[in-house]
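Participant: How does the following fold in three dimensions:
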Amino acid sequence: MLFTSKRPHYEHLRKKWTAKHRSLQDKLMTGHEEVGRQMVVGGLGGLMLLTTPGIGVLPPPHTQTAAGQIEGEQDKNTLMAEKLKTVVPEEMRPLSVEEEDKVGELLSNSFGFSVKASLDGKKLNRSYGMIGGEQHLYRYPGDTLEKHADNAQDSAMYGSSGIAPGLGAWGYFARSEAEFDEKAKMREKYYLAVQTFLSPGFAERVGEYRDFYRFRKMLVVNPKTGQAVVAVIGDAGPAAWTGKHLGGSPEVMHFVGHAKGPRKGPVLYFFIDDPDDKIPLGPVKATGKNLALKN
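Facilitator: As a prediction, this is how the structure comes out:
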């Protein structure tokens, strides 16, 4: 009896709340149609994130900070891109030594670590060229494409790139799944395929150059937007006839802003001088402490 006596009151409140919610939605749609639509769509998107298994409510790593901080950091990357326009030519050609020195100085000042076109007497055939999208690579024996995704969001964003049928130039990133660690995971996640075989002196000292390039850290920058990623050389290629000068993992392509459409575009790619392996892989923001160039 106690339960049934309260039910009409509950039904009354439920109907009243439903009617009020419908009235508010109608006002939003009629009085502020576009704003209301965005609010409703946003609400549905949030509900999907909350109710979909494997998808967390946090945004991607590059936006997991306060909104003001993100905006400020993006402004610094944009400022850096504006400065790059004074050094980087519109034509996508090999840079001169003087241009490479200026770009290296600007990037070093922007990110707070040493960036160079030449390292230990070695350099690539170019440091400014066309990057194209690559597939995922097998990380250890028995690896599968499905294992690359940590959650449904990763699968949706990067799964369509597929996985290459063969191994990278240096084989697996780990000898077994048991030995597969976070370092190996990040190396494959943010890998580059670079034309190591076109480096000056490569043919004369193949072994030395092969060892030097293995998982060598590089900074990849979209000169038009300032988007940047710290990555490693994990494969050799692409072939010269493709018209592309390097390739990037699905994650690299996403964070430099070339993941959509033709999945290619211009980038600067310079060595990072990091002998103690202190600079983490992944998207990186300009510090903006010193964007000036020496005369």
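
Participant: Poorly predicted segments of the stretch 151-295 of the chain, please.
Facilitator: Where the stretch 151-295 of the chain drops to pLDDT under 70, the residues are 288-295.

Participant: can you map out the strands along it?
Facilitator: Assigned by DSSP state E, counting those that start in this stretch, the stretch 151-295 of the chain shows strands spanning 191-194, 217-221, 228-236, 246-248, 264-272, 282-283.

Participant: what about the first one, distance to the chain center?
Facilitator: If you compare the mean C-alpha spot of strand 191-194 with that of the full chain, they lie 13 Å apart, counting by CA atoms, centre = their mean, to the nearest Å.

Participant: Given it, what are its sheet partners and their directions?
Facilitator: Strand 191-194 has these partner strands in its sheet, going by DSSP bridges: strand 228-236 (parallel), strand 246-248 (antiparallel).

Participant: Torsion angles phi and psi at the closest residue to Val115 other than its chain neighbours?
Facilitator: In space, and not counting its chain neighbours, Val115 is closest to Leu107: 4.2 Å by CB to CB, 6 or more residues apart in numbering. The C-beta positions use only the backbone N, C-alpha and C, and glycine is treated the same way. Backbone torsions of Leu107, given as degrees, to the nearest 10, read phi -70, psi -40.

Participant: State the distance from Leu107 to Gly168.
Facilitator: The gap separating Leu107 from Gly168 is 26 Å, by CB to CB, to the nearest Å.

Participant: Over to Ala203?
Facilitator: Applying CB to CB to Ala203 and Gly168 gives a distance of 21 Å.

Participant: go on, Asn77?
Facilitator: The value you get for Asn77 to Gly168, if CB to CB is used, is 29 Å.

Participant: just Arg139 next, same as before
Facilitator: For Arg139, the distance to Gly168 - CB to CB - is 9 Å.

Participant: what residue lies at the spatial centre of the chain?
Facilitator: Centroid check for the chain by CA atoms, centre = their mean gives Phe255 as the closest residue, at 2.6 Å.

Participant: With adjacent residues omitted, what lies nearest to that residue?
Facilitator: Nearest residue to Phe255, sequence neighbours excluded (CB to CB, 6+ apart): Pro283, at 4.2 Å.

Participant: now do Asn222
Facilitator: Leaving aside its sequence neighbours, Asn222 sits nearest to Val256 (CB to CB, 6+ apart; 4.6 Å).

Participant: measure the one you found to Asp235 for me?
Facilitator: Distance from Val256 to Asp235, by CB to CB: 17 Å.

Participant: what do you get for Arg216?
Facilitator: 12 Å.

Participant: again, but for Lys102
Facilitator: Lys102 is 29 Å from Asp235, by CB to CB.

Participant: More neighbours: which of these two?
Facilitator: Legend: neighbour count by other CB atoms under 10 Å for Lys102 and Asp235, higher for Asp235 (23 against 19).

Participant: thought the residue nearest to Asn222 was touching Ala228?
Facilitator: Yes - assessed by CB atoms under 8 Å, Val256 is found in contact with Ala228 at 7.1 Å.

Participant: Which residue, other than its chain neighbours, is closest to Lys264?
Facilitator: Spatially, and ignoring its direct neighbours in sequence, Lys264 is nearest to Gly132 (4.3 Å; CB to CB, 6+ apart).

Participant: Return the angle between stretch directions for the helix or strand that neighbour falls within and strand 217-221.
Facilitator: Gly132 belongs to strand 128-133 when assigned by DSSP states H and E. Per axes from the mean of the first three to the mean of the last three CA atoms, to 10 degrees, the angle that strand 128-133 makes with strand 217-221 is 100 degrees.

Participant: what about the helix or strand hosting Thr78, average pLDDT?
Facilitator: In the assignment (DSSP H and E), Thr78 maps to helix 67-84. In this model, helix 67-84 carries a mean pLDDT of 71.

Participant: let's have the chain start at 26 instead
Facilitator: In the new count, where the first residue is 26, that last one comes out as helix 92-109.

Participant: Pull up the distance across stretch 184-191, start to finish.
Facilitator: Start-to-end span of stretch 184-191 (CA to CA, to the nearest Å) is 17 Å.
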